[in-house]
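Enquirer: Please find the sequence and the predicted model below.
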Amino acid sequence: MSVPFDRRDQLDKIQAGLLPGEAIIAVYDAIGVGTGFLGLTDRRVIIQDNSFVGKKIAITSIPYARISSVSILTNKSFAGQWFSSGHLAISTGHHTYEVEFRGDDKTRHAHDVILHYIAR
């Protein structure tokens, strides 16, 4: 089974940090301020944040058990057509992470995967 991903270097970073027995579901490039990418595994969500001062990068792992909600934030145009990007909001109760993707399909897939794991 092939893993959907946007950039090979991002997939490689996720693969390098996997726990024993952990499997990657998808790795999507993010757009907008700060975020580099979002990775989904069968155990957690991994977000790379590039917004720190001094060119520091944070890679944050959020176990599905810690996620309290996931939301899709989209804009609809006046004519009712979807824009070509979508936002995902992942809340842990203490912090909300927002990630913007190119394409509603990636936003929907990430949302559905997270919802699947937090609704179990």
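Expert: Received, thanks.
Enquirer: alpha carbons only for contacts and neighbour counts from here, please
Expert: OK.
Enquirer: the helices in the chain, which residues?
Expert: Taking DSSP state H as the test, the helices found in the chain are 8-16, 104-118.
Enquirer: Which strands and helices lie in contact with the longest one?
Expert: Contacts of helix 104-118 with other secondary structure elements, assessed using 3 or more Cα pairs under 8 Å, 6 or more residues apart in numbering; DSSP states H and E, are made with strand 69-73, strand 85-91.
Enquirer: about what we covered before: tell me which of the helices of the chain approaches Arg43 most closely.
Expert: helix 104-118 (8.3 Å; Cα to Cα).
Enquirer: ok, back up a step: just the helices of the chain: most buried one?
Expert: Among the helices of the chain, helix 104-118 has the highest mean neighbour count (mean count of other Cα atoms under 10 Å), at a mean of 18.
Enquirer: what sits against the most centrally placed residue in the chain?
Expert: Centroid check for the chain by Cα atoms, centre = their mean gives Leu38 as the closest residue, at 3.3 Å. Leu38 sits next to Val27, Tyr28, Asp29, Ala30, Val45, Ile46, Ile47, Gln48, Val99 when contact means Cα atoms under 8 Å, 6 or more residues apart in numbering.
Enquirer: which stretch among the helices of the chain comes nearest Ala23?
Expert: Closest to Ala23 of the helices of the chain is helix 8-16 (Cα to Cα; 8.7 Å).
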